[in-house]
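In: whatever this is, show me its structure:
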Amino acid sequence: MAEVVFVDSKAAAGTLAAASIRALITQKPDAVLGLATGSTPLSVYAALAASLAENPMDVSRVRGFALDEYVGLPADHPESYRSVITRDAVVPIGLTPENIQVPNGDLATIETAGVDYEAAIRAAGGIDVQILGIGRTGHVGFNEPGSSFASITRIKTLAEKTRVDNARFFASPDDVPIHCMTQGLGTILRARHLILLAFGEEKADAIAAAVEGPITSSKPGSVIQLHPHVTVIVDEAAASRLENLAYYKYAWANKHAWQGI
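Out: As a prediction, the model looks like this:
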């Protein structure tokens, strides 16, 4: 069962996740982070940056792998995930840019991009902690409904609902790419710790399906039920459709502090 943690704000969620990541880096200075994009993880990156500004530590050896990238979008495009990760995480936190990898969305090398990315993750020793958001369709990364739980990094066609959700980042909905490169659900399962964050009532159905629903490729987020170490950080609105709400709160309130998340 995933651990479900309730917070009263995005900032509180970010502080909690950042503290766990900082503890990891303290123990393992060359820790490997799985970096998500979008609005959900911003509070984590902001909190980690603030913590490092207040109490500096060396993060120059920390490595990172982005979850996904658009296909056919130039790497220097402001909405490429290479640009987004650099802007939202690498620069504020002070990570070494050369240590951060993003799936290659270049059409010229797209046939081998997935295999190459998987090889790079293996060469790094695997991902220590993977930060995740969840889409309204239940997707994690860009693994849309129907994605295999054994899938690895590969090219995927984005659902129209996902493209509509992401259109806010582009000048026009037509500018949102149709294809992406994404870590697979099997790739995500290999990370040693998953931290899934969600906020707002619009994510309530997806969270309920991920945490308590049947394990099915129709709800890709339900893959977290197969992982031994998952922390789901949610506000009350996102948690509003969970049946075991009272138990999750009770378990968190009675958890030993030394266990962390």
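In: please enumerate the strands of the stretch 151-261 of the chain.
Out: With strands called from DSSP state E, counting those that start in this stretch, the stretch 151-261 of the chain shows them at 154-157, 179-182, 193-198, 230-234.
In: export the last one as CSV, just CAs?
Out: Which is strand 230-234. Extracted as CSV, the C-alpha positions of strand 230-234 are listed here (Å, rounded to 0.1, in the frame of the first residue of the first chain):
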residue,chain,number,x,y,z
VAL,A,230,5.6,5.0,-2.7
THR,A,231,4.8,8.3,-1.1
VAL,A,232,1.6,10.0,-2.3
ILE,A,233,1.5,13.7,-1.1
VAL,A,234,-1.9,15.3,-1.7
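In: give me the helices and strands touching that strand, please.
Out: strand 3-6, helix 10-27, strand 193-198, helix 204-212 (3 or more CB pairs under 8 Å, 6 or more residues apart in numbering; DSSP states H and E). In this view, the C-beta of every residue, glycine as well, is placed from N, C-alpha and C.
In: now the angle between helix 204-212 and it, please.
Out: 150 degrees (axes from the mean of the first three to the mean of the last three CA atoms, to 10 degrees).
In: next, the angle from strand 230-234 to helix 10-27.
Out: Computed by the same axes, to 10 degrees, the angle between strand 230-234 and helix 10-27 is 150 degrees.
In: wait, what's in contact with L107?
Out: Taking CB atoms under 8 Å, 6 or more residues apart in numbering, we find L107 in contact with 71-72.
In: ok, it to P74 distance?
Out: 11 Å (CB to CB, to the nearest Å).
In: same thing with R168?
Out: Using CB to CB, one obtains 20 Å as the distance from R168 to P74.
In: between these two, which one's more packed in?
Out: Neighbour tally, R168 and P74, criterion other CB atoms under 10 Å: the higher count belongs to P74, 12 against 9.
In: so P103 makes contact with A66?
Out: Yes. Under the contact definition of CB atoms under 8 Å, P103 touches A66, with a separation of 6.6 Å.
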